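Participant: Kindly return the folded structure for what I paste below:
(one chain, ligands or ions: 2)
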Amino acid sequence: MSDTRALEVLQRVFGYESFRGEQQAIVQQVIDGGDALVLMPTGGGKSLCYQVPALVRPGTGIVVSPLIALMQDQVDALTELGVRAAFLNSTQDWNATREVEQAFLAGELDLLYVAPERLVTDRCLSLLERGRIALFAIDEAHCVSQWGHDFRPEYLQLSMLHEQWPDVPRIALTATATDVTRTEIAQRLALDDARHFIASFDRPNIRYRIVEKNDVRRQLLDFLRTEHAGDAGVVYCLSRSRVEDTAAYLSAQGISALPYHAGLPAPVRAANQSRFLREDGIVMVATIAFGMGIDKPDVRFVAHIDLPKSVEGYYQETGRAGRDGLPANAWLAYGLQDVVQQRRMIDDSPGDDAFRRRLGAQLDAMLGLCETVECRRQRLLAYFGQRITPCGNCDTCLEPPQAWDGTVAAQKVLSAVYRLWKERGQRYGAGHIIDILRGKKNERTAQHGHETLSVFGVGADLSDTAWRSVLRQLLAQGLLTVDTEGYGTLALTEGSRAVLKGERTLMLRRESERAAARNRAATP
Ligand code: ADP
Ligand code: ZN
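Facilitator: Ligands and ions are numbered 1, 2, ... in the order given. Alright, predicted model coming up:
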């Protein structure tokens, strides 16, 4: 049954004409007292899904959110709309806490944001016992997943909300979308009878592009200057030092770039975040510590200069672009070294084999996306269980790459690795293998007598770039691996044999001539 009160609140309080997508059904489910699990991409409009029912139902809507830094902003925005909102977290002093508690008990709050570590305290639970609760909203619900990088141990305790308040509806929300995460959230939060709402994850206004990395700073600068002069955007890096180096480099080039990572003092982080939100055209250079919960509609691009660790993370990060629905770019530069580095990081990571296997599978999916000759968006959405036709707004749709038979090239690489190991007991990294294949005489090839190897010079027909691409794809497909005992040296895998013996043909991706030319032009 549709409820006119919901629409009335939407229009009167929030000033919007109509609900978007599944919002109406979700809001109705919660108003009627049912549980809901909501999967919606960033920018999809999750907040209204609990804010509207909190205003329609009697009592206060309790919102559990890990994003302490944003609570003040959220409450300010609601207050401006005339909604009675407050928060409880560790940034408040005793007086402020008391005031909020009193307001809640007096029934003077529509919405109360609570940090999870605060919620699970005895003081807070007993406070909630004494007031009237309209609903529980569990925001960023994927924080309950022990596999994700946003894991918050207190989230595991949130299943007790249902035991203690069986009649209060719960709504869990996340922008993380795989089936695995969804099942995990439902299980750990005991959302047995919840209706699942899975919004479309397609963000058609975002143009996806993945380019081969050669001189990544230069490529990034070129991308910013030619396509995003004066635009706000985020550049994601894997490490803190890379964040700082890149931010300094861009600043020196006259771009308003600011760094953001967990190692910076809290006031610096807060100041940079606030400038990004309030000023025009700030480029935030950041680790993945930046972005969750940031509501800035006009982020025109998200660039990755290191390979993300999973498709899920990549999708969430790129989803921060173009929330206003206008055209935006997701740009990723990736190269051979990324694959080498990440395979090593996985091997070196703490945790058991199952954990490492899971990381490995996530990386493989990400590599699959990078090396696909099909529509990027098709690949991305397939990962989230959604099928679409080719999108017409990604690099492979716009400038189709060629698929070429790389079987012979792959055999040359694999036999070079094989012979070095078998005949000489040596392992090398990609650079030297390519030198051998191309027959480049240098100090190292001379010193080790590599010029007498039968594979020396057998690959003179392809360029360095082409060979790097072949090696990268072999690594991506697990037909070659990084030997972590050494220093990123290459070794054969179980799968190599079939290729070496000619039992398997290997189709590889080659970027379009235009894309390749653009990449070359970016290199000084
Ligand atoms: P999410 O939390 O899913 O990332 P938000 O709740 O922050 O998304 O909403 C994203 C933007 O969309 C906000 O600016 C919000 O005001 C706007 N929005 C949400 N729902 C509607 C609607 N029904 N009509 C118009 N704008 C909406
Ligand atoms: Zn496409």
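
Participant: From here on, just use CA atoms for contacts and neighbour counts.
Facilitator: Will do.

Participant: a helix runs through Thr246, doesn't it?
Facilitator: Yes. With DSSP: H, G, I helix; E, B strand; the rest coil as the criterion, Thr246 is part of a helix.

Participant: Spatially nearest residue to it (excluding sequence neighbours)?
Facilitator: Take Thr246 and drop its neighbours on the chain: the residue closest to it by Cα to Cα, 6 or more residues apart in numbering is Val285, 7.1 Å away.

Participant: What's the local residue count around that neighbour?
Facilitator: By the criterion of other Cα atoms under 10 Å, Val285 has 29 neighbours.

Participant: now swap in Ser241 and tell me
Facilitator: 13.

Participant: Please tell me how far it sits from Gly263.
Facilitator: Ser241 sits 10 Å away from Gly263, going by Cα to Cα, to the nearest Å.

Participant: And Gln11, by the same measure?
Facilitator: 43 Å.

Participant: higher neighbour count, these two?
Facilitator: Comparing Gln11 with Gly263 by other Cα under 10 Å, the one with more neighbours is Gln11, at 14 against 10.

Participant: any idea how far ligand 2 is from the more buried one?
Facilitator: For Gln11, the distance to ligand 2 equals 36 Å [Cα to the ion, to the nearest Å].

Participant: contacting residues for that residue?
Facilitator: Counting by Cα atoms under 8 Å, 6 or more residues apart in numbering, Gln11 makes contact with Glu17, Ser18.

Participant: quick one: secondary structure of it?
Facilitator: Going by three-state DSSP: Gln11 is helix.

Participant: Using the three-state scheme, assign the residue nearest the centre of the chain.
Facilitator: Centroid-nearest residue in the chain, with Cα atoms, centre = their mean: Gly313, separated by 2.2 Å. At Gly313, secondary structure determined by three-state DSSP is helix.

Participant: Tell me which residue lies farthest from the centre of this protein.
Facilitator: Outermost in the chain, Cα atoms, centre = their mean: Thr452 at 47.0 Å.

Participant: For it, give me its contacts.
Facilitator: Listed by Cα under 8 Å, 6+ apart, the contact set of Thr452 is empty.

Participant: Tell me the confidence at Thr481?
Facilitator: Among the per-residue scores, Thr481 holds a pLDDT of 87.

Participant: Tell me if it really is in a strand.
Facilitator: Yes. Looking at Thr481 with three-state DSSP, it is inside a strand.

Participant: Bridge partners for it, pull those for me.
Facilitator: Beta-bridge pairing for Thr481 (DSSP bridges): Ala491.

Participant: Neighbours of it, how many?
Facilitator: Other residues within reach of Thr481, judged by other Cα under 10 Å, total 23.

Participant: isn't it right next to Ala491, touching?
Facilitator: Yes. At 5.3 Å, Thr481 and Ala491 qualify as touching, with contact defined as Cα atoms under 8 Å.

Participant: on that earlier part again, give the contact list for the residue nearest to the centre of the chain.
Facilitator: If a contact means Cα under 8 Å, 6+ apart, then Gly313 has no contacts.

Participant: Pull up the gap between it and Leu109, please.
Facilitator: Distance, Gly313 to Leu109, using Cα to Cα: 35 Å.

Participant: swap in Leu48?
Facilitator: Applying Cα to Cα, the value for Leu48 to Leu109 is 17 Å.

Participant: Which one's more surrounded, the two?
Facilitator: Higher neighbour count among Leu48 and Leu109: Leu109, with 24 against 18, using other Cα under 10 Å.

Participant: Leaving out the residues flanking it, which one is nearest to the more buried one?
Facilitator: Nearest to Leu109 is Arg84, by Cα to Cα, 6+ apart, at 5.0 Å.

Participant: Neighbours of that neighbour, how many?
Facilitator: Neighbour number of Arg84 under other Cα under 10 Å is 18.

Participant: Quick check: phi and psi at it.
Facilitator: Main-chain dihedrals, Arg84, degrees, to the nearest 10: phi -90, psi 100.

Participant: for the one 4 residues further on, same thing?
Facilitator: Summarising the backbone geometry of Leu88 under the convention degrees, to the nearest 10, its torsions are phi -130, psi 110.

Participant: For it, list the residues it contacts.
Facilitator: Leu88 neighbours (Cα under 8 Å, 6+ apart): Thr97, Val100, Leu112, Tyr113, Val114, Ala115, Arg118.

Participant: one more time with 6 Å
Facilitator: With contact set as Cα atoms under 6 Å, 6 or more residues apart in numbering, Leu88 has these partners: Val114.
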